[in-house]
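Undergrad: 3D model of this:
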Amino acid sequence: MLRLQTAAHTAYLHPTSGTGFLVLPDPEADLHLADLLPNGEEHVSSLQKSDYTAMLYELLAAGWRICDEGSPVIGELPDGRKVAMLCAHALAAENPCIEDFDYAEERFIELTHARLD
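TA: Alright, predicted model coming up:
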């Protein structure tokens, strides 16, 4: 299982099955930076939001994406951080079998102690 990390996000990728998991940071630990725009409107940006965007670009460049943009959360770690499902654009194996998917999930759980739905 490969690991890709940014400042606040960690992705666990299993290329053979095309299955991956993105660990999202604790939203309570986020930093918000208020900037004053030229027209006087206040604009608030978030460190985690910027980091999430960076992670999505990294994943896209590596051939991965969030599986379901509408409801991607599939579980959580013991510390409460949420886990989203990732999918590869192309599989490393021509015909992955169910054991490949099972292995990816089992290995992720082994590494993170996550509870998946």
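Undergrad: and for the longest strand that the chain contains, what are the contacting residues?
TA: When the chain is parsed with DSSP state E, its longest strand is strand 82-88. Under the criterion CB atoms under 8 Å, 6 or more residues apart in numbering, residues 11, 13, 15, 18-24, 59, 63-68, 72-77, 112, 114, 116 lie in contact with strand 82-88. Every residue, glycine included, has its C-beta placed from N, CA and C.
Undergrad: Buried subset of these, written for PyMOL?
TA: Applying 16 or more other CB atoms under 10 Å to the contacts of strand 82-88, the buried members can be selected in PyMOL as follows:
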select buried, resi 11+13+15+18+19+20+21+22+23+24+59+64+66+67+72+74+75+76+112+114
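Undergrad: list the buried ones in the longest strand of the chain?
TA: 82-88.
Undergrad: Among the contacts of strand 82-88, name the ones in helices.
TA: 59, 112 (DSSP state H).
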